[in-house]
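Asks: The amino acid sequence is not available; the structure is as follows:
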């Protein structure tokens, strides 16, 4: 029992937080020592001896939460959005004063999605053409999805850096919108279909061959293996890591 | 030998014509009696006793070719474009005077494509959502493809007729083009990718389920089974038939 | 209010029954007049004037339930399994005495699945090759799925009837199982993968083209549109109908 | 002109060789200095000052060809099969005596296929389940394909090394072959379908999500970018490299 990792969850009443509480509770190598909601004091983290805190709160709270954790030598795994350049810079300064503490800020905890984006960026420079199709439930308010935008930007950057020519496209007559949205030169198509959850295909093509990388997300359970991986790894990675791919074993 | 169907090809030097000549030549139940190019006289059809003529010429020639065939009691299978409403009406008048002669005008001879479009139109009214993704080689000049436009129109008409509500879509923020081209209310997305030929997916969705109908066309050989089916069937279908699906067995 | 269809559910406490109760309750053109569990008397159907009964019980109960309904002129929509040839024959005799009453026995209420199977059977004779891939969650105990078996049998029957040659296959060296299970000559491949629910692809191919019909089932909500369609239609279809496709508009 | 890489092709009359001759001829940074058939002397390589030789011959010739090249300080890119452990060991001994010369032996030059296999091996340990579906034209004599076997072995090795539990599978009743061939614990399904060329899908799944990596090969042109990449890189990689992925930029 003494070897179990003591973990606390902030934002424990939210949808993601509830799932995280369940996942940590079920993990054989972790002990859930605190599950705090918005009105609970952070002192609870100290009382219960949390070694790692999982922050799944809101943009207004996350900065203070992480600061508190770092100042008390507690590692933090952060899934909350709102970490702009300024906030990240301030956090890095703070971490410089606490060189043994680790923080992971992950915009996406779904391992499959993180891998898919990583692979797409790696493959980007080896093909003549690339397009992205993302498919979501029809209640989604933005198109393209944030993941598709980020994938397109990473793919475009990799191609630019390698000096790849723009993808061939002889289109002369286009019905408005047919060729999708252009994100840094990469066409992105957004499908909204009843019955779907969250899906993305990156299609690469050259003369005579194609490579397709598809990710399907069916529900929020899909984030939990990534959260647990973060919790297990953060203590061994002092300083700031942005993106769960930094914790994956993707070398060579 | 006397039981073989005597078939002639017009436009025999073109890409489609060449393939048709080969396919008819190879068919055990057909005899290729004439393969005429643009400077050959249509009298050759009579000399060789053609029972069915396959017209794969150009819009400027097809009307006169078909008229000649019908006036001589030769059935015609027509793959040439350019048959507008006026031309079709004139042909129907002519056929009324030759009640035993059949003509098939088919904009598409690929059985898989014809079936896919037929099935999509049948399924259209049973789902909340529908979108179309068509994918072609990057030398294509128009987007969406003609087949995608026609499929979208047929799907939309079936939904309108059945009083189906518009597909749900909560999109508020859209990067221009992300949601595709809107064809009679059906979003159509056009992908142009090196290595591809001609492909189309019709995606249907409702709460809890989805149906996808995909057609892949790899080369012009795909048209030949449809041409042969037309040649074999046209003699038993007097009058005008538009669309190969009229010859397929798709009842009940 | 007087125009609403009065509907009762038998087996209302089960998983499917609960969903049906909810769906009927939510339907603007239906009134749920009874939701009976295993200990409730069928007399409740008469008391509340049910016009249509939905039977989602168990093989031991369904025969008596349907007999009671038919004898009292109540139409029945039946999703319970266990209707073998003998039971069906007895029901047909009974219906002959009640010529204005309709019964639908549907092994599958998912519209997308019913359409997919119907389309596959229609397409079967137009292609050189056909194979089936079904993909399910890893808790499934049988392989292939019942739906895949039934689809393969229908596809094989259609090809046999049309005199289609066996699909070409030059395989000489096979690692045991690689080419799948052979169901009436149709190879069927069963994938079991964490994260999936129930999915099926029928792949057709000929020289130069392919047609793929894919159905995805994500949850039991997918059955409800089919149940409602059955309830709305059964009164206009006296006698016995087996299979929801008999109620779909799939002609010509 | 003096900066162009002088390249020779052995096996220049074969299908692959002919394509390679065309691709090298068309490359702006290469000069084709020799295209030798089976009866041509290897001395031609020296006469024309070849810097890199591309061997696309047969198992009986490739060893002598590569030996000749290495002994004369000519780098070699080898696509011929037949390099067993013994041959490879002898080549490594030879290369130890020629430390500035590089040899690439690549069983597969299709960049997309090489990337797909690499990504599959990387992803293997992050998911509960994995299965492989490979789809080929019906003239193929072996099932599964060599690429599928190799992918399965690499995926299985990565999972074993990481201590991943076997994929869950509750199958109790199986129609013989339904669950595919078992390759080191990974189910592999082989589809043979008219119209197809060579395709492979690796499907990964965990609770709530899935990742699919698909490669489509349409024709032999797809090998040429890989051959050219090999020719451009081999001079900077002394010693033996097995597998084109060793030349790809896939780090971190």
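Replies: Cool, the structure landed. All of these numbers come straight from a predicted model, not from anything done at the bench.

Asks: now the strands for the stretch 151-252 of chain A?
Replies: Remark: strands assigned in the stretch 151-252 of chain A by DSSP state E, counting those that start in this stretch are A:173-174, A:181-183, A:186-192, A:198-206, A:209-217, A:239-242.

Asks: Make a markdown table from the ones you listed and add distance to chain B, mean pLDDT and mean neighbour count to it.
Replies: For glycine as for every other residue, the C-beta is placed from the backbone atoms N, C-alpha and C. Below are these laid out as a markdown table (distance: least, C-beta to the nearest C-beta, whole Å; pLDDT from 0 to 100; neighbours: other C-beta atoms under 10 Å in any protein chain shown):
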| stretch | distance to chain B | mean pLDDT | mean neighbour count |
| --- | --- | --- | --- |
| strand A:173-174 | 5 | 96 | 12 |
| strand A:181-183 | 4 | 98 | 19 |
| strand A:186-192 | 4 | 98 | 26 |
| strand A:198-206 | 4 | 97 | 24 |
| strand A:209-217 | 5 | 97 | 25 |
| strand A:239-242 | 24 | 96 | 17 |
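
Asks: Would you agree residue A:140 is in contact with residue A:194?
Replies: No: with contact defined as C-beta atoms under 8 Å, residue A:140 and residue A:194 do not form a contacting pair (11.8 Å).

Asks: Distance of the spatially most central residue of chain A relative to residue C:219?
Replies: Centroid check for chain A by C-alpha atoms, centre = their mean gives residue A:108 as the closest residue, at 1.8 Å. In this view, residue A:108 and residue C:219 are 24 Å apart by C-beta to C-beta, to the nearest Å.

Asks: again, but for residue A:92
Replies: For residue A:92 relative to residue C:219 (C-beta to C-beta), the value is 44 Å.

Asks: same thing with residue A:47?
Replies: Counting by C-beta to C-beta, the gap from residue A:47 to residue C:219 is 42 Å.

Asks: more crowded one of these two?
Replies: In this view residue A:47 and residue C:219 are compared by other C-beta atoms under 10 Å in any protein chain shown, and residue C:219 has more residues nearby, 14 against 10.

Asks: show me the contacts for that one.
Replies: Counting by C-beta atoms under 8 Å, 6 or more residues apart in numbering or on different chains, residue C:219 touches B:208, C:197.

Asks: One more: residue A:171?
Replies: Contacts for residue A:171 (C-beta under 8 Å, 6+ apart) come out as A:179, B:140, B:141, B:142, B:143, B:190, B:192.

Asks: residues touching the third one, list them.
Replies: Read that as residue B:141. A:170, A:171, A:172, A:173.

Asks: for the fourth one, same thing?
Replies: With C-beta under 8 Å, 6+ apart as the criterion, the residues that contact residue B:142 are A:171, A:172, A:173, A:174.

Asks: Closest to chain D out of the residues you listed?
Replies: Looking at the contacts of residue B:142 and their distance to chain D, the nearest is residue A:171, at 21.6 Å (C-beta to the nearest C-beta).

Asks: I'd like to know which residues of chain A are adjacent to chain C.
Replies: Taking C-beta under 8 Å from any C-beta of the partner chain as the criterion, the neighbours of chain C within chain A are A:195, A:197, A:216, A:218, A:222.

Asks: Spell out the residue ranges of the helices in the stretch 51-200 of chain A.
Replies: Taking DSSP state H, counting those that start in this stretch, the helices of the stretch 51-200 of chain A run over residues A:59-71, A:85-96, A:111-123, A:146-162.

Asks: where in the stretch 1-150 of chain A is pLDDT low?
Replies: A:1-2 (pLDDT under 70).

Asks: Near chain D, which residues of it? Just list them.
Replies: A:110, A:111, A:112, A:113, A:115, A:116, A:119, A:122, A:123, A:125, A:126, A:127.

Asks: 10 Å instead?
Replies: With C-beta under 10 Å from any C-beta of the partner chain as the criterion, the stretch 1-150 of chain A comes near chain D at residues A:19, A:23, A:110-116, A:118-120, A:122-123, A:125-128.

Asks: Nearest residue to residue A:238 in space, please, no chain neighbours.
Replies: residue A:102 (4.9 Å; C-beta to C-beta, 6 or more residues apart in numbering or on different chains).

Asks: give me every residue that touches the one you found.
Replies: By C-beta atoms under 10 Å, 6 or more residues apart in numbering or on different chains, the contact set of residue A:102 is A:52, A:70, A:74-77, A:95, A:230, A:233-241.

Asks: residues of stretch A:230-244 that come out buried?
Replies: Neighbour counts over stretch A:230-244 (16 or more other C-beta atoms under 10 Å in any protein chain shown) mark A:230, A:231, A:232, A:233, A:234, A:240, A:241, A:243, A:244 as buried.

Asks: ditto for stretch A:125-136
Replies: If you call a residue buried by 16+ other C-beta under 10 Å, then stretch A:125-136 has these buried ones: A:125, A:126, A:127, A:128, A:129, A:130, A:131, A:132, A:133, A:134, A:135, A:136.

Asks: what about it, near chain B?
Replies: Yes: Stretch A:125-136 lies within reach of chain B by C-beta under 10 Å from any C-beta, at A:127, A:128, A:129, A:130, A:131, A:132, A:133, A:134, A:135, A:136.

Asks: Thank you, goodbye.
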